[in-house]
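In: based on what follows, work out the 3D shape:
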Amino acid sequence: MSSQEAIEQLKNAVINYELDSVKELAQNMLEKGVDPLDAIENGLGEGIKIVGERFGAGEIFLPELIMGAETMKAAMSVLEPALPAGGAGRTSKGKILIGTVLDDIHEIGKNLVATLLSSNGYDVVDLGVNVPKDEFHKKASEVKPNVIALSALMTTTMPHMEEVVKDLGGSGVKTMIGGAPVTDEFAKKIGADGYSEDASGAVNLALKLLQK
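Out: Numbers count the residues shown, from 1 in each chain. Have a look, this model is predicted:
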């Protein structure tokens, strides 16, 4: 099997949610001398892109999108350590700081966005859940992200998004928000730079914000 055929197989593994076998497939590719960077960008990256497009078109639903992301994540756990130190050769599209706001412990959506952003070439710093505004501010000063992504899954925690956005006002860092109860109208009201209703849209939004 050629390198190109192996990469195509890896892409199809993500498209077909082959979570149980993808790690073994990735390991076999490394043993055969396939470039891990090539495998990540042209195998996993292309596969998750197709999964995201199908989700956006309504052809698949959230459980399938999560399965695709988890399949990609499993393969990344094998391929990423094989990259040269510091991921040399892999060009970062930008750095994104992400977290679920204070008093909110929901992480599935946030994790999915983080995984998709990472697979699409962004450096992602994940603060986890229940993150106070001071922690966002402190970490932003430390890692200097291009974009800060905020997640909330409850209407009662949405005001914390506004606190973070206002706290970062004037810093030059772009902010994007999302989550089940969040709307584009709310994003505009609190002064966030962008809103996405789903994880695949968040990838496109990040690119748009970085181009502004």
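
In: helix or strand right after the lowest-mean-pLDDT helix or strand in the chain?
Out: For the chain, counting by mean pLDDT, DSSP states H and E, helix 108-119 ranks last in confidence among helices and strands (a mean of 84). Note on helix 108-119: by DSSP states H and E, the next helix or strand toward the C-terminus is strand 123-126.

In: how about the helices in the chain?
Out: Assigned by DSSP state H, the helices in the chain fall at 3-15, 22-31, 36-38, 45-56, 62-79, 108-119, 133-143, 158-167, 184-190, 199-211.

In: hang on, the earlier thing: quick check: angle from the least confident helix or strand of the chain to helix 199-211?
Out: 50 degrees (axes from the mean of the first three to the mean of the last three Cα atoms, to 10 degrees).

In: what separates helix 108-119 from the chain centre, distance-wise?
Out: On the basis of Cα atoms, centre = their mean, to the nearest Å, helix 108-119 sits 3 Å off its chain's mean C-alpha point.

In: from here on, count from 25
Out: All right, first residue 25 from here; so that's helix 132-143.

In: what does it contact?
Out: Residues outside helix 132-143 that contact it (Cβ atoms under 8 Å, 6 or more residues apart in numbering): 64, 68-69, 72, 76, 89-90, 93-94, 96-97, 100, 120, 122-124, 148, 150, 153, 173, 175, 177, 202-204, 223-224, 226-227, 230. All C-beta spots, glycine's among them, are computed from the backbone N, C-alpha and C.

In: among these, the buried ones, what's the PyMOL command?
Out: To isolate the buried ones among the contacts of helix 132-143 in PyMOL, judged by 16 or more other Cβ atoms under 10 Å, type:
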select buried, resi 64+68+69+72+76+89+90+93+94+96+97+100+120+122+123+124+148+150+153+173+175+177+202+203+223+224+226+227+230
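
In: can I see the domain layout of this protein?
Out: 27-108, 119-235 (automatic domain parsing).

In: measure the closest residue in space to Thr124 that isn't next to it in sequence to Ile172 for me?
Out: Among residues not flanking Thr124 along the chain, Val153 sits closest, at 4.1 Å (Cβ to Cβ, 6 or more residues apart in numbering). Here Val153 is placed at a distance of 15 Å from Ile172 (Cβ to Cβ, to the nearest Å).

In: show the pLDDT at Gly113.
Out: Listed pLDDT for Gly113 reads 57.

In: for the chain, give me the ranges with low pLDDT.
Out: For the chain, applying pLDDT under 70 flags the ranges 108-114.

In: touching, Ser175 and Gly203? I think so.
Out: Yes. Counting by Cβ atoms under 8 Å, Ser175 touches Gly203, with 5.0 Å between them.

In: overlap in contacts of those two?
Out: Contacts common to Ser175 and Gly203, judged by Cβ under 8 Å, 6+ apart, are His130, Gly133.
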